[in-house]
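Participant: Have a look; sequence and predicted model below, questions after that.
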Amino acid sequence: MTTILDKILKEKETLINQMIHETIPVCKKRLKRPSLFDRLFQNNKLQVIAEIKRASPSKGLIQGIVDPAKQALVYQEAGAAAISVLTDSPFFQGSFKDLQAVAETVDLPILCKDFIIHKVQIDFAKSAGASVVLLIVAALSKEKIKELYTYAIAKGLEVLVEVHNIQELEVALQLDTKLIGVNNRDLRTFQVDLSHTGELASNFPFNEGRVLISESGICNNVDAIQVAKYGASAVLVGEALMRSDDPYKTLRTLQVEREVMVQ
Ligand SMILES: O=C(O)c1ccccc1NCC(=O)[C@H](O)[C@H](O)COP(=O)(O)O
């Protein structure tokens, strides 16, 4: 069965061939952004990585007319730990222009949320102003993830490694990455189940100085409390913030107390 991830990755290969010949976007605001890991590690409040998400394969159009820079400023004022910007265009209607606009406006760590399979995407992310890139275990061979991880770190970026099951967690743990994201969304069925975070948290080496980020399907304070109890340091939230009439207030309700796990 062809999954949405297969479709996205196939499309990426075509796009990468175009990117190699494109002018690279350059963020005009050059600053040393704070480390995302430092913002999350041993924090006794659940942190929020707030996402700019215009559309998605599972939900279609979410917020077509958003001004990414303005939205990011609201997130920053509400105390977001970082901003995530979807840069995939065919499936999420995002772009590196969105990332650049956000990077030129806020001082927070910025995550380039994309399906990275080639070094050129890391070059684009860094140049447009990202300080963190995402690598998805399900999208990459073990050799490729190691190669891209090493490349991103050498460029001074932090890397968030995304997993969905125990096997993928084992692959992530073989890298010395300090940021591991558990995606609660099954990319084959689009089913969201927060208990994925719980399951992987019970196999997570909290004593190794790594942090667990719960991604997708976090809608409200009740969800935030649930994943904080599992040991998540942060949540990555897109749709709930993009659909909210008051993203400042919605974000604040997610910053719940958490018990610091042995880290
Ligand atoms: O959101 C989707 O439909 C989706 C489908 C296929 C691959 C990735 C997808 N989402 C990317 C993300 O990881 C989310 O944007 C992010 O975790 C925030 O999720 P949410 O809060 O549920 O919008």
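Facilitator: Okay, I see it.
Participant: Just give the number of residues close to the residue in the stretch 101-250 of the chain that the ligand sits nearest to.
Facilitator: The nearest approach of the stretch 101-250 of the chain to the ligand comes at G238, 3.0 Å away (C-beta to the nearest ligand atom). Every C-beta, even on glycine, is put in place using the N, C-alpha and C of the backbone. The tally of other residues near G238 (other C-beta atoms under 10 Å) stands at 25.
Participant: Roughly how far does it sit from V66?
Facilitator: Counting by C-beta to C-beta, to the nearest Å, the separation of G238 from V66 is 11 Å.
Participant: Find residues that contact each of the two.
Facilitator: Common neighbours of G238 and V66, counting by C-beta atoms under 8 Å, 6 or more residues apart in numbering, are I52.
Participant: residue boundaries of the strands in the protein?
Facilitator: For the chain, the strands defined by DSSP state E cover 47-52, 55-56, 60-61, 82-86, 110-113, 132-136, 158-163, 179-183, 211-215, 234-237.
Participant: Which residues of the stretch 1-150 of the chain lie near the ligand?
Facilitator: Residues of the stretch 1-150 of the chain lying close to the ligand (C-beta under 6 Å from any ligand atom) are I4, E51, K53, S56, P57, S58.
Participant: Swap in 5 Å and give it another go.
Facilitator: S56, P57, S58 (C-beta under 5 Å from any ligand atom).
Participant: Touching, the last one and Q191? I think so.
Facilitator: By that I understand S58. No: here S58 lies out of contact with Q191, judged by C-beta atoms under 8 Å, at a distance of 9.5 Å.
Participant: Among the two, which residue is more densely surrounded?
Facilitator: Neighbour totals were compared for S58 and Q191, and S58 leads with 16 against 12 (other C-beta under 10 Å).
Participant: In contact with that one, which residues?
Facilitator: Counting by C-beta under 8 Å, 6+ apart, S58 touches R185, F190.
Participant: Adjust the sequence numbering to begin at 296 for everything that follows.
Facilitator: New numbering, starting at 296: the last item is S353.
Participant: where's it relative to R547, distance?
Facilitator: Relative to R547, S353 is positioned 26 Å away (C-beta to C-beta).
Participant: and what of Q395?
Facilitator: Relative to R547, Q395 is positioned 27 Å away (C-beta to C-beta).
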